[in-house]
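*Asks:* got a predicted structure here, sequence first:
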Amino acid sequence: MLLIVTLMSLTGCAVYVPRPTAQKTPLCQHASLEQLLERLSAGSADLTNVKADFSASITNFTKGTTQSCSGVLAMAKPEKLRMRGSRAMLPTLFDLLYDGNQLTLFVPRDKTVYRATRDAGRVRRGLTGVSFFTDIFLGDGEERGSLHFLETSTSRYTVYSVAPLKGNARLLKKVYFERENLSPVRYQYFDEEGALACDLRCSDFFVPAGGGEAIPREITVEAPPGESKIVLTLTDVRLNSHLNPELFTFTMPADTRVRPLEEYAR
């Protein structure tokens, strides 16, 4: 090949050298802290509820086990969530309800209902970490009196939410936005000691029919990281459908004991 090029050069023939294809630089959008907070606090102004089918993979790293299930997920403003999961042709694995004040997790296999109020269970671990989905889809859940700060890099924005304390502050939450499309792709929640308690990653965003903010169809929940992971894929996503108010109420099953949520988290 080198000989051919040399001969062509000596004889005056033109040599075509293809130019390397330039890589397109992703668009870098700009937003202020106020605009990003509006995206977090309000979500889509026209969105009042979400209902979807889901499939999930639940991994417990401590026990080295992985389970799969499917079910139905429903959310409604303000901060209401109901989620039921089961395996094919088998009874319910879990039934999770968050009504904005109290979290109830029913595990039929254990004949146990785990409960916590919002204040006691705000940083939720394991399966109950999915109760933060209302933050992602409906934009609710910000604690009153929290302060916010913005960090900017070439690829993302990071919004910090902190609770002011006397002479100090406690980190509550970090939200990462991709600057290419300003979608919130990661939510991190911290406990009272400042440790990362719940890490949610969002992907496969789509714009619902009729417009509005893009919402994710796949969410990965690590609560806490290194101990458990849930990968949730949503299908047949329905927005602003008619939801029976009784969907967000829980009736205690017979012969069931009640225990604090913290016992389930351990």
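*Replies:* Yep, it's here.

*Asks:* in the protein, which spans are strands?
*Replies:* 49-60, 65-76, 80-86, 92-98, 102-107, 112-117, 147-152, 156-165, 168-178, 184-190, 196-206, 215-222, 228-239, 257-260 (DSSP state E).

*Asks:* which regions of the chain sit below the pLDDT cut-off?
*Replies:* By pLDDT under 70, the low-scoring segments of the chain are 1-27, 42-45, 89, 118-127, 140-142, 210, 265-266.

*Asks:* circling back: let me have the strands of the chain in CSV, extended by distance to Phe132.
*Replies:* Heads up, the C-betas are built off the backbone N, CA and C, glycines and all. Listed next are the strands of the chain as CSV, based on distance: least, C-beta to C-beta, whole Å:
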stretch, distance to Phe132
strand 49-60, 14
strand 65-76, 11
strand 80-86, 9
strand 92-98, 9
strand 102-107, 11
strand 112-117, 14
strand 147-152, 18
strand 156-165, 13
strand 168-178, 9
strand 184-190, 7
strand 196-206, 6
strand 215-222, 8
strand 228-239, 12
strand 257-260, 19
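
*Asks:* let's have those in TSV, adding mean neighbour count and distance to Phe248.
*Replies:* Below are the strands of the chain laid out as TSV (neighbours: other C-beta atoms under 10 Å; distance: least, C-beta to C-beta, whole Å):
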stretch	mean neighbour count	distance to Phe248
strand 49-60	18	10
strand 65-76	17	7
strand 80-86	21	5
strand 92-98	20	7
strand 102-107	20	11
strand 112-117	18	15
strand 147-152	13	29
strand 156-165	16	26
strand 168-178	18	24
strand 184-190	20	22
strand 196-206	18	22
strand 215-222	20	20
strand 228-239	17	16
strand 257-260	12	19
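
*Asks:* out of these, nearest to Ala31?
*Replies:* strand 156-165 (6.5 Å; C-beta to C-beta).

*Asks:* ok, and what's touching that closest one?
*Replies:* Contact with strand 156-165 is made by 31, 33, 36-37, 40, 142-143, 145-152, 169-179, 182, as judged by C-beta atoms under 8 Å, 6 or more residues apart in numbering.

*Asks:* equivalent analysis for stretch 55-69, please.
*Replies:* With contact meaning C-beta under 8 Å, 6+ apart, stretch 55-69 is reached by 70-71, 85-87, 93, 127, 226-233, 235.

*Asks:* what do you get for stretch 167-174?
*Replies:* Contacts of stretch 167-174 (C-beta under 8 Å, 6+ apart): 143, 146-147, 158-163, 186-190, 192, 194.

*Asks:* what do you get if the cut-off is 10 Å, keeping everything else the same?
*Replies:* 40, 122-123, 132, 135, 141-143, 146-149, 151, 158-164, 186-196, 198-199 (C-beta atoms under 10 Å, 6 or more residues apart in numbering).

*Asks:* hmm, Ser228 is touching Val221, no?
*Replies:* Yes - assessed by C-beta atoms under 10 Å, Ser228 is found in contact with Val221 at 8.3 Å.

*Asks:* state the distance from the residue nearest to Lys80 when sequence neighbours are not counted to Met83.
*Replies:* Once flanking residues are discounted, Lys80 sits nearest to Phe248: 4.6 Å by C-beta to C-beta, 6 or more residues apart in numbering. Phe248 sits 11 Å away from Met83, taking C-beta to C-beta, to the nearest Å as the criterion.

*Asks:* anything in contact with each of the two?
*Replies:* If you check Phe248 and Met83 against C-beta under 10 Å, 6+ apart, the residues they both contact are Ala74, Met75, Leu97, Tyr98.

*Asks:* between those, which sits nearest Gly212?
*Replies:* Ranked by distance to Gly212 (C-beta to C-beta), those are led by Met75 at 14.9 Å.

*Asks:* what separates that closest one from Val231, distance-wise?
*Replies:* Met75 is 19 Å from Val231, by C-beta to C-beta.

*Asks:* swap in Ala197?
*Replies:* Applying C-beta to C-beta to Ala197 and Val231 gives a distance of 18 Å.
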